[in-house]
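Colleague: Provided below are the primary sequence and the corresponding predicted coordinates.
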Amino acid sequence: MANERLRSLPSIERLLARPAAARLAAQLGRDRVRDLLRDILDNLRKELSEVRSQESGVEISTNGDHEEVDSALRTPHALLYEIDRRLEARGDQAARPSLQCVINATGVIIHTNLGRAPLAREAIAALTDVAANYSNLEYDLERGERGHREAHCQEQLSRLVGSEAAIVANNNAAAVMLVLNTLAEGGEVIVSRGELIEIGGSFRIPDVMEKSGARLREVGTTNRTRIGDYERAINDQTRLLLRVHPSNYRIIGFTERPALAELVDLSRRSGIPTFEDLGSGCLLDLAPYGVKDEPLVGESLNAGISVVSFSGDKLLGGPQSGIIAGTRAIIDQVRQNPLMRALRVDKLTYAALEATLRLYERGVAPVRVPVIRAMAASFAELGERAARFCDLVMQITQGRMRAAVEDGDSVIGGGAAPEVKLPTALVAISNEALSASAIAERLRAYAIPIIVRTERDRALIDLRTVATDEEAVILDALAAIAQPVALPAASVEA
C-alpha cells in the first residue's frame, strides 16, 4: 500500500497549480513555494518509505509516527489535503519576519532574549518620524553646514547625570572598550579581582580589556579588596583605576570593597583618572519600587569619578546604546578616538534615546517608561488584573482552560538587581488534555508569539510585563488552543 502511495505523489507543477500554492506564491513568490513543496515531498517520501519497510517486516529506527502518517495518507484526496496542510504551515512560518513582536508574559522585566526594554510611546513616535524622513543627523541647522552627530543627546545626558559632557556608543560593551582604549591603551588598568565579571553572551571584562589594548592589573581577593591594594599596585605604567558594578551576581558575607570617596581621593593624589562601569544605567531612585541595590549614575559622578559608562536599554528604558559621561577632557578624547566611528549609533537610536530622556526631564518616567512602570506596578494592582483575567479565561474558553491566581515573584532581568524579587500575582493556566509545555508551545506558535513560564504542569502568565492591550491577544490565543480539534473535510482535488 505504501508503494502505491509513493507512486501517487503528485508532481511539483501539479501542486503549484493548486489554490493553496497559488495563494502562498502571491506572498512568497513561486520559486520559494516550489522549494517548500520539494521539501515537503521529500519528507513524505521518507515517511512512506519507512511505512513500506515496516510493512515488509524490516525493522528500522523511526519516530513512531507511522500510524498517524498511514491514516493521514490513505486516499489521494487525503494525500493532497496533507500536502496543502503542510504547505500552509510552512508558508505561514516562511511569511513571518525573522524578527517579530512577541508578548512577554514571563514577568522578567528586562528580558535580554526578548529585546530588553520596550520603548515608551513617545520614543516610538520620535523613531518613526525620523525614520520616515531626512534628518539633521550631521547637519548644523543654525550655521547651515556640516555638524557632528555626537552633539545629539549630549546636553540632556549631562543635565540628567551631572556630568560635564557625554557621548553615545552602540552598547555598554562598546562604551567600556572605548574608554579603556582611549585612556589606557598600552598601559595598566587596576581592578579588583572581585569585579572581573562575566555577564550574558560571554561578555567578560578581562577579554574586553585585552581587546582594548590595556593590560589588566588585578588587586585584592575575590571577596575583599581595600584601597591600599590599589595604592600599592600603582606604578609608572598605571593609566586608570577601574571600578565595575557586579551587575548579575553578588558576593555576600565576608566582603569589602573601597568606597567611591576612597577611589576618588586616590585618583586625586596620584593623578590617575577613575572609570566606573555601572552596567544597567539607573537614572532615578528605584527603592520605592523594591529595587534598592542599583547605584545611581549621578551619585558616582557627584562623588568625583572621572568617567562612567552604562546601558541605555536596561534600567534607563531606552534603545540599545552605551552611554559615556564624565569630564569634558575625557569625553573629547573619546570622541576623537578612531574607534568611535565604528561604534557610533544611528539616527534611530538618537531619536528614541532623546525622547526617552525627555520623559526623565519632565519627571514622568515612572508612568511613561515601560520598564519603570512595570517595576512600579503594585501587588494589589496586579492581583486585581490577574483575577479579572482568570474570569475572562474561564468565560472565553467555556471552562476548557482552568485559570487561577497564585502568588509569585517577578524579576528585573538584564543583569540588573539579581537579588531583587518583586511580589506579583501569577495567572496559572492548565488543561486536562494539554501539558504545560504543550500550552507554552502553542502560545509561542500563535500569530503574535506569547512567551510564558511553566512550572508544576501549569503555564504561568505574569501580567506585570504584559501591556493591558495585549491581554486580549492572550485571551484569543487561549480560546484558540482550547477549541476541540476538528477533523478535516474531504479535500476536493483541483
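Modeller: Okay, I see it.

Colleague: Counting by contacts, list what the longest strand that the chain contains packs against.
Modeller: Using DSSP state E to define each element, the chain has its longest strand at strand 416-430. Packed against strand 416-430 by the contact rule (3 or more C-beta pairs under 8 Å, 6 or more residues apart in numbering; DSSP states H and E) you find helix 379-396, strand 402-413, helix 436-444, strand 458-462. No exception for glycine: its C-beta is placed from N, CA and C like everyone else's.

Colleague: Packed most tightly, which of the ones you listed would that be?
Modeller: Mean neighbour count, computed with mean count of other C-beta atoms under 10 Å, is highest for strand 458-462 among the helices and strands packed on strand 416-430, reaching a mean of 25.

Colleague: residues making contact with the helix or strand following that one?
Modeller: Using DSSP states H and E, the next helix or strand after strand 458-462 towards the C-terminus is helix 471-482. With contacts defined as C-beta atoms under 8 Å, 6 or more residues apart in numbering, helix 471-482 is touched by 103, 105, 385, 389, 392-393, 396-398, 400-401, 429, 431, 434, 439, 442-443, 446, 448, 450, 461, 463, 466.

Colleague: let's go with 10 Å and repeat that
Modeller: 103, 105, 385, 388-389, 392-393, 395-401, 403, 427, 429, 431, 433-434, 438-439, 441-450, 452, 459, 461, 463, 466-467 (C-beta atoms under 10 Å, 6 or more residues apart in numbering).

Colleague: and the next element down the chain from the helix or strand bottoming out on mean pLDDT in the chain?
Modeller: Least confident helix or strand, the chain: helix 66-72 with a mean of 50, by mean pLDDT, DSSP states H and E. Using DSSP H and E, the next helix or strand after helix 66-72 towards the C-terminus is helix 76-95.

Colleague: Which of the helices and strands packed on strand 416-430 sits closest to Val264?
Modeller: strand 402-413 (28.2 Å; C-beta to C-beta).

Colleague: packing partners for the closest one?
Modeller: Applying 3 or more C-beta pairs under 10 Å, 6 or more residues apart in numbering; DSSP states H and E, one finds that strand 402-413 makes contact with helix 370-376, helix 379-396, strand 416-430, strand 453-455, strand 458-462.

Colleague: so Ser135 touches Leu127, yeah?
Modeller: No: in this structure, Ser135 is not within contact of Leu127 by C-beta atoms under 10 Å, at 11.1 Å.

Colleague: How about the contacts made by Val393?
Modeller: 399-404, 427, 429, 461, 474-475, 478-479, 482 are the contacts of Val393 under C-beta under 10 Å, 6+ apart.

Colleague: Domain parsing of this structure, as residue ranges.
Modeller: 2-95, 103-112+373-482, 121-364 (automatic domain parsing).

Colleague: and Gly279, how many neighbours?
Modeller: As a burial measure, Gly279 scores 25 neighbours (other C-beta atoms under 10 Å).

Colleague: Which strand residues bridge it?
Modeller: Phe310 (DSSP bridges).

Colleague: low pLDDT regions in the stretch 51-200 of the chain?
Modeller: 51-76, 197-200 (pLDDT under 70).

Colleague: Repeat the analysis, applying 80 as the threshold.
Modeller: 51-79, 91-96, 194-200 (pLDDT under 80).

Colleague: can you map out the helices along it?
Modeller: Applying DSSP state H, counting those that start in this stretch to the stretch 51-200 of the chain gives helices spanning 66-72, 76-95, 121-131, 154-161, 172-184.

Colleague: Ranking the ones you listed by mean neighbour count, which comes first?
Modeller: helix 172-184 (a mean of 25).

Colleague: hey, C-alpha coordinates of that helix in CSV?
Modeller: This file holds the C-alpha atoms of helix 172-184, laid out as CSV (Å, rounded to 0.1, in the frame of the first residue of the first chain):
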residue,chain,number,x,y,z
ASN,A,172,27.8,49.4,27.0
ALA,A,173,30.4,46.9,25.9
ALA,A,174,31.4,49.3,23.2
ALA,A,175,31.5,52.1,25.8
VAL,A,176,33.8,50.2,28.0
MET,A,177,36.0,49.3,25.1
LEU,A,178,36.2,53.0,24.0
VAL,A,179,37.1,54.3,27.4
LEU,A,180,39.8,51.7,28.1
ASN,A,181,41.3,52.1,24.6
THR,A,182,41.2,55.9,24.8
LEU,A,183,42.7,56.2,28.3
ALA,A,184,44.8,53.1,28.9
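
Colleague: quick revisit: select only the buried ones of the contacts of Val393 in PyMOL?
Modeller: Selection of the buried residues among those in PyMOL, burial being defined by 16 or more other C-beta atoms under 10 Å:
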select buried, resi 400+401+403+427+429+461+474+475+478+479+482
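
Colleague: Let's have the contacts of Val393 in JSON lines, adding pLDDT.
Modeller: As requested, the contacts of Val393 are arranged in JSON lines below (pLDDT from 0 to 100):
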{"residue": "Gly399", "pLDDT": "90"}
{"residue": "Arg400", "pLDDT": "91"}
{"residue": "Met401", "pLDDT": "94"}
{"residue": "Arg402", "pLDDT": "94"}
{"residue": "Ala403", "pLDDT": "96"}
{"residue": "Ala404", "pLDDT": "96"}
{"residue": "Val427", "pLDDT": "97"}
{"residue": "Ile429", "pLDDT": "96"}
{"residue": "Ile461", "pLDDT": "98"}
{"residue": "Ile474", "pLDDT": "97"}
{"residue": "Leu475", "pLDDT": "96"}
{"residue": "Leu478", "pLDDT": "96"}
{"residue": "Ala479", "pLDDT": "94"}
{"residue": "Ala482", "pLDDT": "90"}
